[in-house]
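In: Mind folding the following:
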Amino acid sequence: MNSNTSPEAPEMTKHFIGTKIVIALAMTRLAYNDYRGWDLPADENGADEGYLVEYTDGGAPNHPDHAGYISWSPKAQFDAGYVSVGDVGHLPPHQQRVVAELEQLSDRVTKLEAFLATPLYASLPDDEQQLLKMQADAMVLYMGILNTRVAKFA
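Out: Numbers count the residues shown, from 1 in each chain. Model (predicted):
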């Protein structure tokens, strides 16, 4: 490869689902670059909305004011990948995970219930519709159990 050509993009075929609990603060791309002491690259828009994200579950800290690894994420990508669990820093890690599980499940139940009201759902075979209704019922029962557990947290 010479300096005038780009390497061929690798084929990316493996899919992943994120499961991390992170701490985030709304911050523009420019504010993040300023916070890091970096110049904004000429081809980037400093007004882009996004988040300063701190990963607290491992990885070496990369900023002196943070215990975990930090990065910046565009708003659309962050919002699509994370569900807010509120301020759970006072809870022990295992309880934080239960709260996160409840919020993720609640989000999934809301989306599934919305899907059950669509023409696409109505066009599915009866057996698949029945299985989806059973899935929704099981998820709601599970959500009730998690709600009971969370209510007992101090």
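In: Can you give me the domain boundaries for the chain?
Out: The chain breaks down by automatic domain parsing into domains covering 22-81, 93-151.
In: In JSON lines: those, plus distance to P10 and mean neighbour count.
Out: For the C-beta atoms, the positions are set from N, CA and C on the backbone; glycine is no exception. Shown next, in JSON lines, are the domains of the chain (distance: least, C-beta to C-beta, whole Å; neighbours: other C-beta atoms under 10 Å):
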{"stretch": "domain 22-81", "distance to P10": "20", "mean neighbour count": "14"}
{"stretch": "domain 93-151", "distance to P10": "31", "mean neighbour count": "13"}
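In: Need the ones you listed in CSV (columns: mean pLDDT).
Out: Shown next, in CSV, are these (pLDDT from 0 to 100):
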stretch, mean pLDDT
domain 22-81, 94
domain 93-151, 97
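In: Of all these, which one comes closest to P7?
Out: When the domains of the chain are compared by C-beta to C-beta, domain 22-81 sits nearest P7, at 19.3 Å.
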